[in-house]
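1. The following comprises the amino acid sequence and a computationally predicted model.
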Amino acid sequence: MTKLFEYQSKELFKSEGLPVCKGEVAAEARQAGLIARKLGCPVVIKAQALITGRAGHGAIKFAGTPAEAEQHAGEMFRLSFKGARVDKVLVEEKKDIVKEYFASVIVNDAHRGPVLVFSSMGGSGIEELAREHPDKVVSYPINVREGLHEFVARNLLIRLGIPSKELAGLADLLVKLYRTARKYEARSAEINPIALARDGRFYVLDGRITVDDNAVFRHPELGIEVAREFDHPPTRLDRIAYLVEANDYRGTFYFMQLETDTSGERHIGFHGGGGGGSMMAMDALQRGGFKIPNFCDTSGNPPASKIYRAAKIILSQENLEGYFYSGSGVASQEQFHTARGLVKAFREINLSVPAVIRVGGNGEELAIKILTEYTRDLPAPVEAYGRDTSVDYCVDRLRQLIEEQKAKKAGKAGGARV
């Protein structure tokens with residue numbers, strides 16, 4: 001699922017007639033102050049970040065003057081989440097709120113279609129709210145052929161005891177929310193909160209849309225670069241990896257950069273073969289005290305060329321101390337393709353960090369032979385193991401190889417000083 005920023009989601013809501021507060025996006029602090037002056041104060045400043053609970057992180061603040069808006073924006077531009085620095089803030093008019101509601105349209109796998117969820121109480125944690133106050137939440141499975149009719153929305157609101165004078169405005173808002181979700185093929189479209197302001201009108205104070213990855217190609221107007229569920233804007237390596245997968249459907253190559261700052265020690269380039277095997281290997285690395293700056297999974301019998309590109313992308317990260325590949329141990333894909341791809345990548349970059357490869361599955365004996373024979377002359381050691389060798393043992397071997405290499409380098413440095 002591809003998450004859109006708040007300002008992007010609100011642009012879509014506005015295009016479908018939903019009541020969005022007046023506001024603009026700023027890319028620098030001074031611009032935020034100018035927008036606040038244009039809107040007239042007070043205003044709310046919101047850092048555009050793909051996280052929840054922004055207020056608790058200092059990413060939502062109120063300003064009574066343009067100077068204060070500029071100051072708050074400047075502070076937000078120094079924030080960073082998941083290694084991604086805030087590069088945009090949304091400056092909106094502040095509303096005098098009387099009441100808050102929650103609404104979302106989410107594709108429910110059990111229902112096999114969209115479900116409307118509405119709560120007469122706004123705020124975060126709709127799941128907890130539904131458990132603690134079931135009388136405040138209603139859900140309605142929507143038939144995609146029929147859509148959501150306004151009379152249906154009204155009846156749902158009546159069940160929650162919504163005052164009659166609010167029914168028309170809220171029902172219209174819910175119908176437009178569903179229309180937006182349907183048009184852009186969203187896995188979820190959420191407004192939290194819907195605010196009833198002192199002027200008697202409803203407003204979308206905050207909202208998020210998450211688009212189905214498989215539908216992104218049908219919506220070039222959204223400008224989505226990478227159809228992946230990130231909690232950060234895609235990095236340079238995320239973009240490169242996505243292009244590899246977008247142009248080659250043989251097998252699966254899924255890459256996500258988890259950290260961009262790899263300063264310090266214990267960072268390992270991670271490469272998994274199969275979802276379950278990848279999780280098992282990452283757990284073993286963390287138990288071994290290593291840090292994992294990336295996730296990567298190549299499975300479904302990818303060709304050697306795809307393995308090669310994955311390895312090159314992983315090894316392009318800075319300050320890695322080692323490379324670790326581990327499959328599930330029972331993969332049906334031909335492991336010699338994996339071995340050939342890894343060998344080509346290792347030889348091209350003249351591998352300088354230790355690598356431990358655990359290939360389990362079809363042709364693993366040949367894969368181990370390829371990895372062993374064609375990496376003997378590299379600057380760093382490469383060791384290969386099969387399905388009968390545990391992941392924890394392989395992690396321990398990687399730790400030993402890293403320590404041995406550090407000791408050798410320290411010895412050479414000491415000899416050079418003498």
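-> On my side now, so go ahead. Numbering: from 1, shown residues only.

2. What separation do you get for residue 27 and residue 48?
-> Using CB to CB, to the nearest Å, one obtains 10 Å as the distance from residue 27 to residue 48. C-betas here are computed from N, CA, C, even on glycine.

3. Out of those two, name the residue with the larger neighbour count.
-> For residue 27 versus residue 48, the count of surrounding residues by other CB atoms under 10 Å is larger for residue 48: 19 against 11.

4. next SSE after the host helix or strand of residue 128?
-> Under the criterion of DSSP states H and E, residue 128 resides in helix 126-132. Downstream of helix 126-132, the next assigned helix or strand under DSSP H and E is strand 137-141.

5. quick one: low-confidence parts of the chain?
-> Along the chain, the model assigns pLDDT under 70 to residues 123-127, 129-130, 329-331, 413-418.

6. For the stretch 301-418 of the chain, just list every one of the strands.
-> Using DSSP state E, counting those that start in this stretch, the strands found in the stretch 301-418 of the chain span residues 322-327, 355-358, 382-385.

7. and for residue 27 and residue 48, which residues touch both?
-> Counting by CB atoms under 8 Å, 6 or more residues apart in numbering, the common neighbours of residue 27 and residue 48 are 87-88.

8. which residues touch residue 160?
-> Residue 160 makes contacts with 118, 120, 135-136, 138, as judged by CB under 8 Å, 6+ apart.

9. now these: which count as buried?
-> If you count burial by 16 or more other CB atoms under 10 Å, the buried members of these come out as 118, 120, 136, 138.

10. From these, pick the one nearest residue 144.
-> Closest approach between those and residue 144, by CB to CB: residue 118, at 18.5 Å.

11. nearest residue to the closest one other than its sequence neighbours?
-> Of all residues not flanking residue 118 in the chain, residue 103 sits nearest, at 4.9 Å (CB to CB, 6 or more residues apart in numbering).

12. looking at it, that neighbour is touching residue 115, isn't it?
-> No. Contact criterion CB atoms under 8 Å: residue 103 and residue 115 do not qualify, at 11.6 Å.

13. which one of the two has more residues nearby?
-> Taking other CB under 10 Å, residue 103 and residue 115 do not tie; residue 103 has more neighbours (24 against 16).

14. Just give me the residue closest to the centre of this structure.
-> For the chain, the residue nearest the mean C-alpha position is residue 230 (1.3 Å; CA atoms, centre = their mean).

15. List the residues that contact it.
-> Contacts for residue 230 (CB under 8 Å, 6+ apart) come out as 2-3, 50, 238, 256.

16. Quick check: the farthest pair among the buried ones among the contacts of residue 160?
-> Pairwise distances across those peak at 9.5 Å for 118 and 136 (criterion: CB to CB).

17. Mind listing the strands the helix or strand encompassing the residue nearest to residue 118 pairs with, and their directions?
-> Using DSSP H and E, residue 103 maps to strand 97-108. Paired neighbours of strand 97-108 in the sheet (DSSP bridges): strand 113-119 (antiparallel), strand 186-197 (antiparallel).

18. need the longest helix for the chain.
-> For the chain, the helix that runs over the most residues, judged by DSSP state H, is helix 391-417.

19. and that one, which residues are buried?
-> Those would be 391, 394-395, 397-399, 401-402, 405, for helix 391-417 by 16+ other CB under 10 Å.

20. Give me the three-state assignment for residue 217.
-> Here residue 217 is helix, with the state taken from DSSP: H, G, I helix; E, B strand; the rest coil.

21. who touches it in this structure?
-> Residue 217 is in contact with residue 227, counting by CB under 8 Å, 6+ apart.

22. From residue 184, how far off is it?
-> Distance, residue 217 to residue 184, using CB to CB: 13 Å.

23. again with residue 134
-> Noted for residue 134: a distance of 30 Å to residue 184, by CB to CB.

24. what do you get for residue 253?
-> To residue 184, residue 253 is 27 Å away according to CB to CB.

25. follow-up on the earlier one: go through the strands of the stretch 301-418 of the chain and name the closest to residue 65.
-> strand 322-327 (53.3 Å).

26. Compute the inter-axis angle for the closest one and helix 391-417.
-> With axes from the mean of the first three to the mean of the last three CA atoms, to 10 degrees applied, the angle from strand 322-327 to helix 391-417 works out at 160 degrees.

27. Can you tell me which of the strands paired with strand 97-108 is most buried?
-> strand 186-197 (a mean of 23; mean count of other CB atoms under 10 Å).

28. Any idea how many residues pack against residue 77?
-> Close neighbours of residue 77, defined as other CB under 10 Å, add up to 19.

29. Correct me if wrong: it contacts residue 70.
-> No. With contact defined as CB under 8 Å, residue 77 does not reach residue 70; the gap is 10.6 Å.

30. list residues touching both of these two?
-> Joint contacts of residue 77 and residue 70 (CB under 8 Å, 6+ apart) are residue 29.

31. ranges for the helices of the stretch 251-400 of the chain?
-> All helices of the stretch 251-400 of the chain, identified by DSSP state H, counting those that start in this stretch, fall at 275-287, 304-315, 335-349, 364-373, 391-417.

32. Now render those as CSV, adding distance to residue 267.
-> As requested, the helices of the stretch 251-400 of the chain are exported to CSV (distance: least, CB to CB, whole Å):
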stretch, distance to residue 267
helix 275-287, 10
helix 304-315, 11
helix 335-349, 17
helix 364-373, 22
helix 391-417, 11
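
33. And residue 134 and residue 184? Which one has more around it.
-> Taking neighbours as other CB under 10 Å, residue 134 and residue 184 compare with residue 184 leading, 23 against 9.

34. ok, that one - contacts?
-> Residues near residue 184 by CB under 8 Å, 6+ apart: 12, 209, 211, 215, 219, 222.

35. Pull the most distant pair out of the contacts of residue 160.
-> By the measure CB to CB, 118 and 135 form the most distant pair in these, at 12.7 Å.

36. what domains does the record give for this structure?
-> 22-93, 97-222, 236-417 (automatic domain parsing).

37. what's the span of the first one, first residue to last?
-> Domain 22-93 stretches 6 Å from its first residue to its last (CA to CA, to the nearest Å).

38. tell me how far it is from the chain's mean position?
-> 22 Å (CA atoms, centre = their mean, to the nearest Å).

39. Repeat that for the second one.
-> Between the mean C-alpha point of domain 97-222 and the mean C-alpha point of its chain there is a distance of 23 Å (CA atoms, centre = their mean).
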